[in-house]
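Asks: for reference, the sequence and a predicted model appear below.
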Amino acid sequence: MGRPCQNKCLDDFQSLYIIEQDTPSMAKQNETDFATGDVVFMDRGDGNSALLHLHGATLISWKCQGLENLFLSSKSVFDNKKAIRGGVPICFPNFGPWSLGPQHGFARTKRWMVAQPPAKNANGDIVASVSLEDDEETRGLWDFNFKLMYSFVLSARSLKSTLVVENTDTKSLEFTTALHTYFRVADIGSTTLQGLKGLKYNDKITGGQDVVETQDLITVDKNYDRVYKDAPNVTVISSGPEPVRKIEMTTVNFPDVVVWNPWDVKAKEIADMEDEEYKQMLCVEAGNIVTPVTLAAGSQFECSHTFTSRL
Ligand SMILES: O=P(O)(O)OC[C@H]1O[C@H](O)[C@H](O)[C@@H](O)[C@@H]1O
């Protein structure tokens with residue numbers, strides 16, 4: 001976390017705080033790394049900011065008191081075609097392999113529109129929203145009219161992201177979804193995940209029967225790809241040692257949690273990720289995966305997750 005600096009005459013936040021960063025990242029996580037029309041920058045002006053890329057509505061940065069909390073691969077490709085590797089890609093209308101189209105659906109590779117440009121509300125929080133509607137390409141894969149509205153509230157220590165799915169069709173539709181968060185950690189070896197003890201999970205690597213989680217503090221020490229079912233709405237990702245982070249993720253209407261880290265062998269197979277970067281990330285993904293959501297014509301479904309720094 002940032003420490004107040006003695007020299008108070010320095011006038012901007014970056015100067016007032018000595019930011020204790022972990023392994024220097026070459027990832028593009030600053031507003032200035034992109035053309036203005038490609039990103040939505042939410043900035044409270046007090047070291048708390050969030051940056052969203054309109055390609056896939058991928059949140060690529062959330063800084064709290066100057067400290068970056070999202071992992072973005074230094075090899076992520078920004079060609080407005082490929083999904084961004086890191087941040088918070090949106091999986092919709094399908095999580096995982098999809099018989100009708102690309103893995104995790106099309107929302108993470110579509111260009112979203114700005115619905116509400118960043119604005120400050122009465123209590124100083126920054127609000128913004130982006131949207132996506134069906135078009136010829138999406139209907140070619142998945143023949144439904146829909147509208148997605150993705151909204152943000154950036155507060156001093158937290159960021160709330162709300163996804164509203166609206167069925168604008170005359171027939172009912174079904175989808176699975178996830179907000180596929182890549183949390184940044186200083187060292188995966190000293191990272192713990194709390195909140196999943198006692199839950200059943202499906203291990204996508206070994207397959208087979210569901211397993212009951214016995215650990216209170218989960219430490220990830222190999223390739224993990226697990227779908228935890230009926231999860232409580234709070235999980236805590238703690239990591240360190242330098243810098244220490246403690247992020248609480250609170251969810252609404254996301255009954256599943258996916259925990260993923262490719263580890264060393266799989267990481268080498270991922271073209272848009274450095275071989276060693278798996279040590280700096282842990283995916284904890286809030287999802288509706290096990291039971292697809294059915295949405296009647298004309299109705300809406302709302303789900304959200306909120307990250308809060310608890311340091
Ligand atoms: O490489 P991607 O398509 O972005 O998927 C990355 C990962 O996403 C989720 O965590 C899935 O559970 C994993 O099976 C998958 O490998």
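Replies: Structure received. All figures in this text were calculated on a predicted structure; none of them were measured in a lab.
Asks: from residue 208, how far off is residue 216?
Replies: 24 Å (C-beta to C-beta, to the nearest Å). All C-beta spots, glycine's among them, are computed from the backbone N, C-alpha and C.
Asks: quick one: which of the two has more around it?
Replies: More crowded of residue 216 and residue 208, by other C-beta atoms under 10 Å: residue 216, with 12 against 7.
Asks: show me what contacts residue 161?
Replies: By C-beta atoms under 8 Å, 6 or more residues apart in numbering, residue 161 lies in contact with 59, 88, 150, 151, 152, 179, 304, 305, 306.
Asks: which of the residues you listed fall within strands?
Replies: 59, 150, 151, 152, 179, 304, 305, 306 (DSSP state E).
Asks: out of these, who's the most crowded?
Replies: Busiest of the ones in strands among the contacts of residue 161 [other C-beta under 10 Å] is residue 59, holding 28 neighbours.
Asks: identify the spatial nearest neighbour of it, chain neighbours not counted.
Replies: residue 88 (4.1 Å; C-beta to C-beta, 6 or more residues apart in numbering).
Asks: restrict the ones in strands among the contacts of residue 161 to contacts with the ligand.
Replies: Under the cut-off given by C-beta under 6 Å from any ligand atom, the ligand has nothing from the ones in strands among the contacts of residue 161 close to it.
Asks: which pair of those spans the longest distance?
Replies: Spatial extent of the ones in strands among the contacts of residue 161 (C-beta to C-beta) is set by the pair 150 and 306 at 13.9 Å.
Asks: could you check how far the helix or strand harbouring residue 160 is from the centre of its chain?
Replies: Assignment of secondary structure by DSSP states H and E places residue 160 within strand 158-167. Strand 158-167 has its C-alpha centroid displaced from the chain centroid by 12 Å (C-alpha atoms, centre = their mean, to the nearest Å).
Asks: just stretch 304-311 next, same as before
Replies: With C-alpha atoms, centre = their mean, you get 12 Å for stretch 304-311.
Asks: ok, residues contacting that stretch?
Replies: Stretch 304-311 is contacted by residues 1, 62, 64-65, 67, 69, 157-163, 179, 181, 236, 244-254, 286 when judged by C-beta under 8 Å, 6+ apart.
Asks: output the below-cut-off pLDDT ranges for this protein.
Replies: 1-20 (pLDDT under 70).
Asks: hmm, try it at 50
Replies: 1-18 (pLDDT under 50).
Asks: I'd say residue 228 and residue 201 touch.
Replies: Yes - the criterion here is C-beta atoms under 8 Å, and residue 228 meets it with residue 201 at 4.4 Å.
Asks: more neighbours: which of the two?
Replies: Each of residue 228 and residue 201 has its neighbours counted (other C-beta under 10 Å); residue 228 has more, 27 against 20.
Asks: separation between the more buried one and residue 218?
Replies: Taking C-beta to C-beta, one finds residue 228 at 10 Å from residue 218.
Asks: quick one: common contacting residues for these two?
Replies: Common neighbours of residue 228 and residue 218 (C-beta under 8 Å, 6+ apart) are 196, 259.
Asks: report how many residues lie close to the residue of the stretch 51-200 of the chain found nearest the ligand.
Replies: Nearest to the ligand, among the residues of the stretch 51-200 of the chain, is residue 103, at 4.4 Å (C-beta to the nearest ligand atom). For residue 103, the neighbour count with other C-beta under 10 Å is 12.
Asks: spatially nearest residue to it (excluding sequence neighbours)?
Replies: residue 97 (5.4 Å).
Asks: the one you found contacts residue 176, doesn't it?
Replies: No - here residue 97 lies out of contact with residue 176, judged by C-beta under 8 Å, at a distance of 11.3 Å.
Asks: so the two - more neighbours on which side?
Replies: Ranked by neighbour count (other C-beta under 10 Å), residue 97 and residue 176 place residue 176 first, with 21 against 8.
Asks: pull out the buried positions in the strand or helix carrying the more buried one.
Replies: Using DSSP H and E, residue 176 maps to strand 173-179. Buried residues in strand 173-179, defined by neighbour count with 16 or more other C-beta atoms under 10 Å: 173, 175, 176, 177, 178, 179.
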